[in-house]
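# this one's sequence-less:
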């Protein structure tokens, strides 16, 4: 059975994080969710899944996270680079890296073993896979939520903070990501960088799968867009309203 190496991104914003400070903790990953540090929840889901061989927690100041993490030989806490892309580039370039890689963020407080199964099983064999949630599915489950949506022909999707890197070839996509990291939420800038003329006008003309295929051809990669079965995969904890929503979901009230 293929076992994945999970890269759990738990870094902090330069200059401090007001969200973390408001909760009296040293890092956003330590903000309590339903009575326990946020990072504990995705770590528990990862360690509890048979597809995951090891979990590498990456943070600028990992020492503040260690006291809340479980003592498990499969889990390590390692320093991250200045940016997410730089950190992942270094891991890809390391000959000791064990493939494939599952990249996830510490604020994915609703991560479940079923989500991991769904994503990793369908990501196998791709150089790069991106987890997404369809708007219709999430709005049916959480009509009160607000997300950033990218529209394609026939659907709108939001990111789920789940990425699969299947081979060192994925470095081609990570390099591009590093170049535009400051604008990473402006999805169409990525397409423009790939030389697609009139890309804004393609939003309602091309399907998501066609866009992904075109990007893959441009980069020489097998790229897969994975629409996750559980729409809660799109819910992270990035601001107070997200935290309140997640706690309602955990309590079974939303």
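Received, thanks. Note that the structure is a prediction, hence the values are computed from the model and not measured.
# check contacts around the closest residue to residue 251 other than its chain neighbours.
Nearest residue to residue 251, sequence neighbours excluded (Cβ to Cβ, 6 or more residues apart in numbering): residue 34, at 7.1 Å. Quick note: C-beta positions are derived from backbone N, CA and C, even for glycine. Contact analysis of residue 34 by Cβ atoms under 8 Å, 6 or more residues apart in numbering lists 246-247, 250-251.
# ok, so of these, who is nearest residue 222?
For the contacts of residue 34, the closest approach to residue 222 (Cβ to Cβ) belongs to residue 246, at 33.5 Å.
# that closest one sits in which helix or strand?
helix 240-250 (DSSP states H and E).
# buried residues in that helix, which are they?
Under the neighbour-count criterion of 16 or more other Cβ atoms under 10 Å, helix 240-250 has 242-243, 245-247, 249 buried.
# need those residues in JSON lines (columns: distance to residue 51).
Putting the buried residues of helix 240-250 into JSON lines (distance: Cβ to Cβ, whole Å) gives the following:
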{"residue": "242", "distance to residue 51": "27"}
{"residue": "243", "distance to residue 51": "28"}
{"residue": "245", "distance to residue 51": "28"}
{"residue": "246", "distance to residue 51": "24"}
{"residue": "247", "distance to residue 51": "28"}
{"residue": "249", "distance to residue 51": "24"}
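# just name the closest of these to residue 28, please.
The closest of the buried residues of helix 240-250 to residue 28 turns out to be residue 243 (Cβ to Cβ; 10.3 Å).
# the closest one is in contact with residue 33, isn't it?
Yes. Here residue 243 lies in contact with residue 33, judged by Cβ atoms under 8 Å, at a distance of 6.8 Å.
# what's the overlap in contacts for those two?
residue 237.
# any idea how far residue 143 is from residue 65?
Distance, residue 143 to residue 65, by Cβ to Cβ, to the nearest Å: 35 Å.
# what sits closest to residue 254 if chain neighbours are left out?
Distances taken as Cβ to Cβ, 6+ apart place residue 248 nearest to residue 254, at 3.7 Å, with adjacent residues excluded.
# tell me which helix or strand of the chain sits lowest on mean pLDDT?
Ranked by mean pLDDT, DSSP states H and E, the weakest helix or strand in the chain is helix 187-193, scoring a mean of 56.
# could you dump the contacts of residue 34 to JSON lines with pLDDT?
As requested, the contacts of residue 34 are exported to JSON lines (pLDDT from 0 to 100):
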{"residue": "246", "pLDDT": "97"}
{"residue": "247", "pLDDT": "97"}
{"residue": "250", "pLDDT": "96"}
{"residue": "251", "pLDDT": "96"}
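# now, the most widely separated pair of these?
Once Cβ to Cβ is applied, the contacts of residue 34 give 246 and 251 as the farthest pair, at 9.6 Å.
# the chain: strands as residue ranges?
4-9, 32-33, 36-37, 52-59, 75-79, 101-105, 128-134, 150-152, 155-165, 223-227 (DSSP state E).
# can you tell me which residue is spatially central in the chain?
For the chain, the residue nearest the mean C-alpha position is residue 161 (2.1 Å; Cα atoms, centre = their mean).
# that one contacts residue 105, correct?
Yes. Using Cβ under 8 Å, residue 161 is in contact with residue 105, at 4.5 Å.
# higher neighbour count, residue 143 and residue 65?
The neighbour comparison of residue 143 against residue 65 (other Cβ atoms under 10 Å) goes to residue 65, with 22 against 7.
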